[in-house]
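Asks: What would the 3D arrangement of this be:
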Amino acid sequence: AWPLLCTSPAVAQESAASGVFHGVGIVKAVDSAKGWLTLDHEAIDGFMGAMRMMYRVEPPRLTVGLRVGDRIAFDIDAGRYAIVGVNVLNSAK
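Replies: Residues are numbered from 1 along each chain as shown. Modelled structure (predicted):
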């Protein structure tokens, strides 16, 4: 019997993605000093499914003023797995 290979389209798509993609998510943690955000985000079309994940933010100053609970739109550079743009949609109360 031939070995089975796990090659789902979603996995293939994620590994081959490059460029900047747009997502929407809720801020779960902020580390402005180190430039990291943890987001619970919706699916990012063409890049990855919905999940909770920590991302590097470049430049780190993009995290200044963000609070846990903020709903943001963000741009992510797929090649670096780095958030390169942030826009607050709804501020946490």
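Asks: Give me the neighbour count for Lys34.
Replies: Neighbour count for Lys34, taken as other CB atoms under 10 Å: 10. C-beta: built from backbone N, CA, C; applies to glycine.
Asks: Can you pull the phi and psi angles for the closest residue to it other than its chain neighbours?
Replies: Nearest non-adjacent residue to Lys34, counting by CB to CB, 6 or more residues apart in numbering: Pro60, 7.0 Å away. With angles defined as degrees, to the nearest 10, Pro60 sits at phi -60, psi -20.
Asks: same thing with Asp70?
Replies: The phi/psi pair for Asp70 (degrees, to the nearest 10) is phi -60, psi 140.
Asks: close enough to count as contact, it and Val86?
Replies: No - contact criterion CB atoms under 8 Å: Asp70 and Val86 do not qualify, at 9.2 Å.
Asks: Report the contact partners of the residue lying closest to Gly69 once chain neighbours are set aside.
Replies: Once flanking residues are discounted, Gly69 sits nearest to Ala92: 3.0 Å by CB to CB, 6+ apart. If you count contacts by CB atoms under 8 Å, 6 or more residues apart in numbering, Ala92 has them with 27, 67-70.
Asks: who wins for most neighbours among the residues you listed?
Replies: Going by other CB under 10 Å, Val27 tops these with 22 neighbours.
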